[in-house]
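Undergrad: give me the fold of what follows.
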Amino acid sequence: MRVLLTTRGSSGHVTPLAPFGHALVRAGHEVLVAAQWRFEENVERTGLPFAPLGAPPDEEWMALLPEFARLGLDEGHDRMVAEFFGDLDLRAMLPRLRELADEWRPDLIIRESWEYGSTIVAEERGIALARVGLGVAGVETVSDRAAAPAVDVARIAAGLPADPDGELMRATPYFSAMPSALEDPAVPLPPRTLRFRTAEAPPPAVPDAEPLVYVSFGSVTASAHLPYYPALYRAAIDALAPLPVRLLVTVGEDRDLGELGPLPANVTVERWVPQDEVLAHASAVVSHGGHGSTLGALAHGVPLTVVPLFALDQWFNAEAVERAGAGVALSSDRLTRLAIEPPSQATSAALRPAVEHLLSDPGPSAAARAIADEMRALPPVDEAVPALEAIARERNAA
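TA: Model (predicted):
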């Protein structure tokens, strides 16, 4: 069986797809990852083969940022998903995606939730389609609703039946690594939801005698087109360095670490570190609520303080962590903060007491370990392969 994985290609979008690709390869299937050409390095890092797709020109997508920056978070998210992912990305990626489907003839396409061109190509070419989620069901629902009108324009242009509410997108089988403990019971799950453990179950973290606090705001937050570096990172250092801890901060991007200024003796700053190796010894994590950092910490049973920054899924993840008792969400400014705006001074001031709470109260650590136990009990990702094979057979038999 040939399986095409489709993604816009940024790190947080590729990473959740990759375990399914490796599971399919281990089962003897042929896998190809199609992503925007500019993200080739992210795909190569997964060890899976890469096929380049078109990408919107910088002047198109960057022109949207000033307007998005003036919007509230929820409106900014809806506009970003609709105009960036559902329109610019889709139009840039669709031509080569169609060619690739015709040339390589996949039996199954697996898309990540914010890649929408494959929903059109799969229906045009009669190819089976599945989806890998990038967060909790709540943000998937909100994003589907936001993207649907823009995607529908492309559907109609392709001669496909209208899907103005995104019901056809939502109906495809949905694979998730999110443990059910993080889901909001008030939000219906997508139809045909299947959960799998997408990484080896790590042993519970064994915190060092001198507590290690790991601060990671993700792989793109320090990007030059966003307003967070170095001020956000320095604020976190100033808030947490006075604690009796070792503080490890990663910035992800290739930025000048000297911009952070002199560092206290108990602070180390790196661009990248092997996350699992750090989490095996961490007592607490400070995160922006990204998919990888949230699930990574909880898989090790490490509690989090979540400071969501610029994407609505980060607020959903923050609220999920707090709702489950596994950490603190510094997210009370969701209705007042603009879409691309650094946290307020009040949020920065709340960071130290939040981390002190994680270090002194056993409750969040116990809740995080319970979620880790649930994640370990999920079927491993290799057991997703029969379900994916069945989806392909079902479509091919239709």
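Undergrad: which residues does the closest residue to residue 27 other than its chain neighbours contact?
TA: Once flanking residues are discounted, residue 27 sits nearest to residue 385: 4.6 Å by C-beta to C-beta, 6 or more residues apart in numbering. Where you see a C-beta, it was placed from the backbone N, CA and C, and this is true even at glycine. Counting by C-beta atoms under 8 Å, 6 or more residues apart in numbering, residue 385 touches 23, 24, 27, 29.
Undergrad: what about 7 Å?
TA: Residue 385 is in contact with 23, 24, 27, counting by C-beta atoms under 7 Å, 6 or more residues apart in numbering.
Undergrad: quick one: what helix or strand has it in it?
TA: helix 384-397 (DSSP states H and E).
Undergrad: buried residues in that helix?
TA: 384, 385, 388, 389, 391, 392, 395 (16 or more other C-beta atoms under 10 Å).
Undergrad: same question for it, mean pLDDT?
TA: For helix 384-397, mean pLDDT is 92.
Undergrad: kindly export it (C-alpha atoms) in CSV.
TA: What follows is helix 384-397, C-alpha atoms only, in CSV (Å, rounded to 0.1, in the frame of the first residue of the first chain):
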residue,chain,number,x,y,z
ALA,A,384,-3.1,2.0,13.9
VAL,A,385,-1.9,0.3,10.8
PRO,A,386,-4.7,-2.3,10.5
ALA,A,387,-7.3,0.5,10.9
LEU,A,388,-5.6,2.5,8.2
GLU,A,389,-5.4,-0.5,5.9
ALA,A,390,-9.2,-1.0,6.5
ILE,A,391,-9.9,2.6,5.5
ALA,A,392,-8.1,2.1,2.3
ARG,A,393,-9.8,-1.2,1.5
GLU,A,394,-13.2,0.4,2.3
ARG,A,395,-12.7,3.2,-0.1
ASN,A,396,-11.2,1.0,-2.9
ALA,A,397,-14.2,-1.4,-2.6
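Undergrad: how far off centre is that helix?
TA: 25 Å (C-alpha atoms, centre = their mean, to the nearest Å).
Undergrad: same thing with stretch 320-339?
TA: Worked out by C-alpha atoms, centre = their mean, stretch 320-339 lies 16 Å from the chain centre.
Undergrad: name the SS class of residue 66, please.
TA: Of the three states, residue 66 takes helix under DSSP: H, G, I helix; E, B strand; the rest coil.
Undergrad: helices of the stretch 151-300 of the chain, residue ranges please.
TA: 167-171, 231-240, 275-279, 291-299 (DSSP state H, counting those that start in this stretch).
Undergrad: which residue ranges of the stretch 251-398 of the chain form strands?
TA: Under the criterion DSSP state E, counting those that start in this stretch, the stretch 251-398 of the chain contains strands at 267-270, 284-287, 304-306, 327-329.
Undergrad: so which of those strands gets nearest residue 232?
TA: Comparing the strands of the stretch 251-398 of the chain by their distance to residue 232 (C-beta to C-beta), the top pick is strand 284-287, with 10.9 Å.
Undergrad: check which helices and strands that closest one sits against.
TA: Applying 3 or more C-beta pairs under 7 Å, 6 or more residues apart in numbering; DSSP states H and E, we find strand 284-287 packed against strand 212-216, helix 291-299, strand 304-306, helix 345-360.
Undergrad: would you reformat the buried residues of helix 384-397 as CSV and include distance to residue 242?
TA: Below are the buried residues of helix 384-397 laid out as CSV (distance: C-beta to C-beta, whole Å):
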residue, distance to residue 242
384, 46
385, 50
388, 50
389, 55
391, 53
392, 56
395, 58
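Undergrad: excluding chain neighbours, what is closest to residue 82?
TA: Counting by C-beta to C-beta, 6+ apart, the residue nearest residue 82 is residue 150, at 4.6 Å.
Undergrad: that neighbour and residue 165: what is the separation?
TA: 13 Å (C-beta to C-beta, to the nearest Å).
Undergrad: of those two, which one has the most company?
TA: Ranked by neighbour count (other C-beta atoms under 10 Å), residue 150 and residue 165 place residue 150 first, with 20 against 13.
Undergrad: secondary structure class for that one?
TA: helix.
Undergrad: which ones are touching it?
TA: Here residue 150 is in contact with 82, 83, 86, 87 (C-beta under 7 Å, 6+ apart).
Undergrad: returning to what we had before: just the buried residues out of the contacts of residue 385, in ChimeraX syntax.
TA: In ChimeraX, a selection of the buried entries from the contacts of residue 385 looks like this (16+ other C-beta under 10 Å):
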select :23,24
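Undergrad: just give me the closest of the contacts of residue 385 to residue 258.
TA: residue 23 (42.3 Å).
Undergrad: the closest one contacts residue 382, doesn't it?
TA: Yes. Counting by C-beta atoms under 7 Å, residue 382 is a contact partner of residue 23 at 4.7 Å.
Undergrad: just checking, next helix/strand downstream of the strand ranked longest in the chain?
TA: Criterion DSSP state E: the longest strand present in the chain is strand 30-36. The helix or strand immediately downstream of strand 30-36 is helix 40-46, counting by DSSP H and E.
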